[in-house]
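Participant: I'd like to go over a predicted model; first the sequence, then the structure.
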Amino acid sequence: MIIPELPGYLSRLGGAEFKGLIISLFAVTAMLSRPFSGKLSDTIGRIPVMMAGAIVCLICSLIYPILTSISGFFLLRLLHGFSTGFTPTGQTAYISDIIPLERRGEAMGLLGTAGSLGMAGGPAIGGTLANNFGLDAMFYCSSAFGLISILIILGMKETLPERHRFSIAHLKIRRNDIFEYKVWTPCLIMALCAYSYGALFTVIPDFGEFLGIRNKGLLFTCLTVASLLVRLLGGKASDHYGRKAVLRISTVIMVIAMVIIASANTSLQLIIGVTVYGFAQGVTSPTLLAWATDLSPLNRKGRGLSSLYICMEFGIGIGAFLSGIIYGNHAGNFFSTFIVCGILSGAAFIYLMLHRTQTVAHQDGSTRESVS
């Protein structure tokens, strides 16, 4: 809801040259919080982890209108990252608890579809509120959605079989809590593909404005609607044809999308490129979530999924930061900004072509070949 308006908001605060930090600072905090959310999800439960993220979302959106300095803005971006660092980790682990292995891709696709509904409607609602009622109304509405999320979570039942009461000791992170090495392959693909996501969310608002698109939320709506249309199909396809087979196709489409965006000279061309990217991203995301869950040990699903999210935030953060530098508020740099995205997506495709199959954990503790 608020992301499309943040670059302009930061410019009005006098920080136009720091646009690359809008997404990257958010992603850094989300990434740093993942080891904690993964460990806590496997110890105190999925519900408390989801709740923590929703509460942060509510509070931060309320404070944006109050902290109007550049330093205050970036402090909030750091704090706001905890919402993404916690809620999706507990959410994905929760779903993996209640869905059988052979329908895992479909379930992750359904989760992604639900998220895409919010991502599709959010920018449109945020842009409308900002244009007609001001930014404060947009921030308060965002906070209201955080409150609704909290109320929904309160009605859910915990799925972790053996829960422990929270203690400070749970916040002590050991080396094996930071990263689950069994899921490093989907993590690498996620990092390479997530770079494009960070670049888009940082530079696309300016690119759209340069080509005459007044409502910055329109491009994000096109992206997320396209993603929405294919997420469920992409997840189901990965259950049937395999994770790698589906990812090979989606990464090629991602490369094509980046070339279209980089070469766009009209608003229609930019919209087409962003929409094609939405299709690619909508297939890639649930497939990687399912693949990481496949490869995670049964008692470390939270940590395995947090590892994937760490790499997602790393890719988004690096993409946002470097794209901001490459772009440098100069329209002549749009092409090079998105060609770099295409190169990294192509690297993900090449790696998938060379990768060998791994084994996955069964519910009874046995293993079998991955659907990859």
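Facilitator: Sure, I can see it.
Participant: which residue is the nearest non-sequential neighbour of L160?
Facilitator: Sequence neighbours aside, G45 is the residue nearest to L160 in space, at 4.7 Å (criterion: CB to CB, 6 or more residues apart in numbering). C-betas here are computed from N, CA, C, even on glycine.
Participant: got the contact list for that neighbour?
Facilitator: Contact analysis of G45 by CB atoms under 8 Å, 6 or more residues apart in numbering lists 90, 158, 160, 163.
Participant: and it, how far is that from G38?
Facilitator: Using CB to CB, to the nearest Å, we find G45 at a distance of 13 Å from G38.
Participant: T202 against I325, yeah?
Facilitator: No. With contact defined as CB atoms under 8 Å, T202 does not reach I325; the gap is 10.2 Å.
Participant: what do the two both touch?
Facilitator: Common neighbours of T202 and I325, counting by CB under 8 Å, 6+ apart, are G20.
Participant: those two: which is more packed in?
Facilitator: Between T202 and I325, counted using other CB atoms under 10 Å, the more crowded position is T202 (27 against 11).
Participant: which helix or which strand is home to the closest residue to the more buried one other than its chain neighbours?
Facilitator: Closest residue in space to T202, ignoring its immediate chain neighbours: A320 at 4.4 Å, by CB to CB, 6+ apart. Here A320, judged by DSSP states H and E, is contained in helix 301-327.
Participant: next one: that helix to chain centre, how far?
Facilitator: Put simply, helix 301-327 sits 8 Å off its chain's centre (CA atoms, centre = their mean, to the nearest Å).
Participant: stretch 223-239 now?
Facilitator: On CA atoms, centre = their mean, the centre of stretch 223-239 falls 15 Å from the chain's centre.
Participant: how about residues contacting that stretch?
Facilitator: Identification of contacts with stretch 223-239 by CB under 8 Å, 6+ apart yields 102-110, 112-113, 116-117, 119-120, 123, 200, 245-247, 250, 274-279, 281-287, 290-291, 371.
Participant: helices and strands of this protein: which one bottoms out on pLDDT?
Facilitator: strand 367-369 (a mean of 42; mean pLDDT, DSSP states H and E).
Participant: low-scoring stretches of the stretch 201-350 of the chain, by residue?
Facilitator: For the stretch 201-350 of the chain, the stretches flagged by pLDDT under 70 are 216.
Participant: kindly provide the distance from S323 to S11.
Facilitator: To S11, S323 is 17 Å away according to CB to CB.
Participant: what about L25, helix or strand, and which?
Facilitator: helix 20-43.
Participant: from the chain's centroid, how far away is that helix?
Facilitator: The answer for helix 20-43 is 11 Å, by CA atoms, centre = their mean.
Participant: for the record, mean pLDDT for that helix?
Facilitator: In this model, helix 20-43 has a mean pLDDT of 81.
Participant: packing partners of the helix or strand following that helix?
Facilitator: Counting by DSSP H and E, the next helix or strand C-terminal to helix 20-43 is helix 46-63. Counting contacts by 3 or more CB pairs under 8 Å, 6 or more residues apart in numbering; DSSP states H and E, helix 46-63 is packed against helix 20-43, helix 70-98, helix 135-154.
Participant: can I get the last one as CSV, trimmed to CA atoms?
Facilitator: Spelled out, that is helix 135-154. Provided in CSV are the C-alpha atoms of helix 135-154 (Å, rounded to 0.1, in the frame of the first residue of the first chain):
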residue,chain,number,x,y,z
LEU,A,135,-0.3,10.5,2.8
ASP,A,136,-1.4,10.4,6.4
ALA,A,137,-4.7,8.7,5.4
MET,A,138,-2.7,6.1,3.5
PHE,A,139,-0.5,5.4,6.4
TYR,A,140,-3.4,5.1,8.9
CYS,A,141,-5.3,2.8,6.5
SER,A,142,-2.2,0.6,6.2
SER,A,143,-2.2,0.4,10.0
ALA,A,144,-5.8,-0.6,10.0
PHE,A,145,-5.0,-3.6,7.8
GLY,A,146,-2.3,-4.6,10.3
LEU,A,147,-5.0,-4.6,13.0
ILE,A,148,-7.2,-6.8,11.0
SER,A,149,-4.3,-9.3,10.5
ILE,A,150,-3.9,-9.4,14.3
LEU,A,151,-7.6,-10.2,14.8
ILE,A,152,-7.4,-13.0,12.3
ILE,A,153,-4.3,-14.5,13.9
LEU,A,154,-6.0,-14.5,17.3
